[in-house]
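1. Predicted model follows, preceded by the sequence.
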Amino acid sequence: LNNDLVGVAFIDTQIYIHSISVIKNFVLYADITKSISLLTFDKECKTLSVISRDYEPMEVYRCEYVVDGTNLGFMVSDSNCNLVIYSYQPDAVESQGGMKLIRKSDINIGAHVNAFFRTGIRIHDGT
């Protein structure tokens, strides 16, 4: 086996990506000053394409997926001690045809968050 890294796709990004998270063919990344973007990887064409992004500048510390059943959201921590939750809703008018991620929630927790840990939750029916 050859242990060399092989490039399969390339995308020119904004300034500086420092946080990235992948689920299946979706890539969520954080730019140090330009907030977050959602990409998709097409295995057949070997291309990365921008699906949607947040257009408001934000100094992002970390980004991660939030999975709730069949719903997929995106959580971001920023330099102002906020946790921000976004969703991708291409049918919503405010998403401009899906090009803009929709900001769903802002939570100021009073501390900087540098890491997220995604885990499944077991739900018990009480019996």
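-> Arrived safely.

2. what's the closest non-adjacent residue to I32?
-> Using CB to CB, 6 or more residues apart in numbering and skipping residues adjacent in sequence, the residue nearest I32 is Y16, 4.3 Å away. Backbone N, C-alpha and C define where each C-beta goes, glycine included.

3. who touches the one you found in this structure?
-> Contacts here follow CB atoms under 8 Å, 6 or more residues apart in numbering; on that basis Y16 touches 31-33.

4. Let's see that with 10 Å instead.
-> If a contact means CB atoms under 10 Å, 6 or more residues apart in numbering, then Y16 has 30-34 as its contacts.

5. Could I get those residues in a markdown table, plus columns for neighbour count, secondary structure and distance to Y65?
-> Below are the contacts of Y16 laid out as a markdown table (neighbours: other CB atoms under 10 Å; DSSP: H, G, I helix; E, B strand; the rest coil; distance: CB to CB, whole Å):
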| residue | neighbour count | secondary structure | distance to Y65 |
| --- | --- | --- | --- |
| A30 | 27 | strand | 12 |
| D31 | 22 | strand | 17 |
| I32 | 16 | coil | 20 |
| T33 | 13 | coil | 22 |
| K34 | 20 | strand | 19 |
